[in-house]
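**Student:** sequence plus predicted model, see below.
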Amino acid sequence: MLARSLPRRSKESSMRRRKLKAYWARLKELQKRKHLTRDELLLAIGAAKEKAGRNAHRLVTLRLPEAKQPVSAETFRFELDRQKLRAVRRSEGQYLLRSNLTGEDPAELWQNYMNLVRIEESFRTLKGDLGLRPVFHQLDERIEAHVFISFLAYCLHVTLEKYNKKAATGLSSRSVLQRLSEIQMLDVTIPAADGRELQMRRYTKPEKVHRLLLEQLGLNLPMQPPPEIRNPKPVVETF
């Protein structure tokens with residue numbers, strides 16, 4: 001079954017442009033570098049190709065210097081393969097799905113495929129963002145508790161994703177968490193003249209981008225608790 005997805009096409013096109021732009025800039029940097037040997041150039045190009053990925057670096061045709069030739073703009077050249085670029089543009093967002101389910105509605109097959117993608121993404125989220133693995137516990141009840149807490153965290157992760165789609169922030173849950181993690185929680189302790197301590201738990205003042213994101217998501221930061229006065233020295237009762 002041939003499947004075409006406009007959102008997936010936009011995503012793949014954006015990823016390809018970003019990686020190709022970074023790869024092209026790296027090649028220009030190597031081309032202008034002085035006192036670069038051919039072996040050093042080949043190593044640098046190999047690293048740049050690995051970072052850019054096959055879909056990006058194969059769109060650029062390289063003209064490398066011959067053995068013992070100096071590296072310069074004349075001996076090291078590169079150009080965009082426009083024929084390959086046109087072919088890549090035509091294939092972005094298109095998939096050939098093979099299934100043993102015959103006679104099914106193509107829309108239903110596509111929905112099943114997308115469900116499979118979501119399941120795989122959930123495992124990546126659990127093991128990556130939420131730290132389900134590795135498990136260092138040895139007792140069964142502790143392992144079960146670890147998995148249960150990770151599952152609750154995943155439920156909150158999915159809930160945040162729903163908020164994102166409803167608010168149309170254009171960010172993923174991972175990006176939102178990274179941005180909100182910049183708001184730090186601090187425990188402030190101020191010593192008083194009589195030996196007691198004034199303790200306050202405060203979070204840092206959200207910046208404009210944080211306030212805008214919270215407003216779009218319809219979320220509010222919790223109220224900051226009032227300060228507490230404590231005596232750090234133990235009270236010794238005398239009889």
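**Tutor:** That came through fine. Residues are numbered from 1 along each chain as shown.
**Student:** what about the chain, any weak spots by pLDDT?
**Tutor:** The model of the chain has pLDDT under 70 over residues 103, 233-239.
**Student:** now the helices for it?
**Tutor:** For the chain, the helices defined by DSSP state H occupy 6-32, 38-52, 54-57, 82-91, 106-127, 140-167, 173-180, 208-217.
**Student:** distance to Pro134 and mean neighbour count added to those, as TSV?
**Tutor:** Backbone N, C-alpha and C define where each C-beta goes, glycine included. TSV is the format used below for these (distance: least, C-beta to C-beta, whole Å; neighbours: other C-beta atoms under 10 Å):
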stretch	distance to Pro134	mean neighbour count
helix 6-32	30	14
helix 38-52	27	15
helix 54-57	31	16
helix 82-91	38	12
helix 106-127	9	12
helix 140-167	10	13
helix 173-180	20	15
helix 208-217	32	14
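**Student:** mind putting those helices into TSV with distance to Ile229?
**Tutor:** Supplementary listing: the helices of the chain in TSV, determined by distance: least, C-beta to C-beta, whole Å:
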stretch	distance to Ile229
helix 6-32	54
helix 38-52	55
helix 54-57	60
helix 82-91	67
helix 106-127	43
helix 140-167	34
helix 173-180	31
helix 208-217	31
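**Student:** could you verify my assumption that Arg218 touches Ala167?
**Tutor:** Not quite, residue 218 is Gly, not Arg. Yes: the criterion here is C-beta atoms under 8 Å, and Gly218 meets it with Ala167 at 7.0 Å.
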